[in-house]
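Peer 1: Build me a model from this:
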Amino acid sequence: MAGDLPFRTLAPWLRARFGRPVHRVALDAGSTCPNRDGTKGYGGCTYCDVEGSGTGALKDGASLAEQLSQGLTRIARRRRRPSDPEPGAIAYLQSYTNTYVEGGRFREVLDVLERELDRDGSPVVALSVATRPDCLPDEALRELERLGERTDVWIELGLESADDSVLLDINRLHTLDEFEDAARRAGDAGLLRVGHAILGLPGDGREGARRTAEALAAAGVEGVKVHHLMVLEKTQMAHQWREGELSVLEPETYVSWLADFVERLGEDQVLHRITGDAPDGKELAPRWGVAKNVVRERLRAELERRGTGQASLSGA
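Peer 2: The predicted structure follows:
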């Protein structure tokens, strides 16, 4: 645990691993998803907007190399004094399902990142690849394992809920078994794994939050991202919300469920995120007006009130 927090957070873990502050550069490689192109379904996940929860930069004309260069320039500006360590960067393939591409295209994407690694003085310390657990072919794993010989490689696997019926209802169209298999195979390839979860999905409830944490603990993923359900413009959930068919969590409820979630994680799992946000003008609900650091402090206070902490109720 870091400082007085009863749970593990990312920033201290990054500084301990790399010896300097590290920031993400979000990248759009032009991927899609099998529940959008008709392979499994259409429309995508009901909560996902038309940019695949990403930047949409490629659509706006910025090549992957340009996106990376621009992101690294922004990160370099965070260095306030010459005596400060140069910030490190994580090249984050964020939008859609990044291993759901033809093998040659995936190699082209990785080539852009490898050219950056070849550059003297590159601040890139890791690659993070967001994908679905049912879209992780052996060929992609081999490419990532090869790149892992040069730098840290993270694979971010969207579980969202441990309940297959909930996953079906939100049009995820994968299963818990597929997540567990992908996590195992990625671990065997030497990749660092980050599991994603959403609390407050329709039909999931408080027990669902607990089951999802237990599933992530059992899978042994090294990192966890969790946030509350957000209703965004240009999503199927936006229509459901406007029709009064969908409710969202209040901050007090979310913090209580989040405490349940954290209590059931493994002791060594690092919380990369405990809440979420959306670009300006895209979030319809909830509109909490609560900053991320406030959520973190409320979570700390709730766990202290209970006399518990991360892994207090974990069987992993």
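Peer 1: Which parts of this protein are helices?
Peer 2: Defined through DSSP state H, the helices belonging to the chain, from first to last, are 10-18, 64-76, 103-118, 138-147, 164-169, 176-188, 205-219, 236-242, 251-263, 292-306.
Peer 1: Buried residues of the first one, list them for me.
Peer 2: Within helix 10-18, the residues that qualify as buried by neighbour count (16 or more other CB atoms under 10 Å) are L10, W13, L14, F18. Backbone N, C-alpha and C define where each C-beta goes, glycine included.
Peer 1: Between the helices of the chain, which one is closest to G38.
Peer 2: Closest of the helices of the chain to G38 is helix 236-242, at 16.1 Å (criterion: CB to CB).
Peer 1: Does the closest one pack against any helices or strands, and if so which?
Peer 2: With contacts defined as 3 or more CB pairs under 8 Å, 6 or more residues apart in numbering; DSSP states H and E, the packing partners of helix 236-242 are strand 231-232, strand 283-285.
Peer 1: for that helix, which positions count as buried?
Peer 2: Under 16+ other CB under 10 Å, the buried positions of helix 236-242 are Q236, M237, A238, Q240, W241.
Peer 1: Kindly report the same for stretch 127-144.
Peer 2: Judged by neighbour count (16+ other CB under 10 Å), stretch 127-144 contains these buried residues: 127-136, 140-141, 143-144.
Peer 1: Next: stretch 177-193.
Peer 2: E178, F179, E180, A182, A183, R185, A186, G187, A189, L191, L192, R193.
Peer 1: So of the residues you listed, which two are at opposite extremes in space?
Peer 2: So, these by CB to CB: farthest apart are E178 and L192, at 19.5 Å.
Peer 1: How many neighbouring residues does R80 have?
Peer 2: Neighbourhood size, R80 [other CB atoms under 10 Å]: 7.
Peer 1: Distance-wise, check it relative to A16.
Peer 2: 22 Å (CB to CB, to the nearest Å).
Peer 1: A217 now?
Peer 2: Distance of A217 to A16, given as CB to CB: 22 Å.
Peer 1: ditto for M237
Peer 2: Note on M237: its distance to A16, by CB to CB, is 38 Å.
Peer 1: Same question for Q70.
Peer 2: From Q70 across to A16, the span is 28 Å (CB to CB).
Peer 1: Where does pLDDT dip in this structure?
Peer 2: For the chain, the stretches flagged by pLDDT under 70 are 1-3, 51-61, 316.
Peer 1: Just give me the closest of the buried residues of helix 10-18 to N293.
Peer 2: Checking the buried residues of helix 10-18 one by one against N293 (CB to CB), the nearest turns out to be L10, at 13.6 Å.
Peer 1: My understanding was that the closest one contacts R296; is that so?
Peer 2: No - using CB atoms under 8 Å, L10 is not in contact with R296, being 11.4 Å away.
Peer 1: burial of T253, as a residue count?
Peer 2: T253 is flanked by 14 other residues according to other CB under 10 Å.
Peer 1: From E302, how far off is it?
Peer 2: For T253, the distance to E302 equals 11 Å [CB to CB].
Peer 1: Likewise for L5?
Peer 2: Separation of L5 from E302 (CB to CB): 12 Å.
Peer 1: can you check K40 too?
Peer 2: The spacing between K40 and E302, counted by CB to CB, is 38 Å.
Peer 1: Next: G121.
Peer 2: From G121 to E302 the distance is 44 Å (CB to CB).
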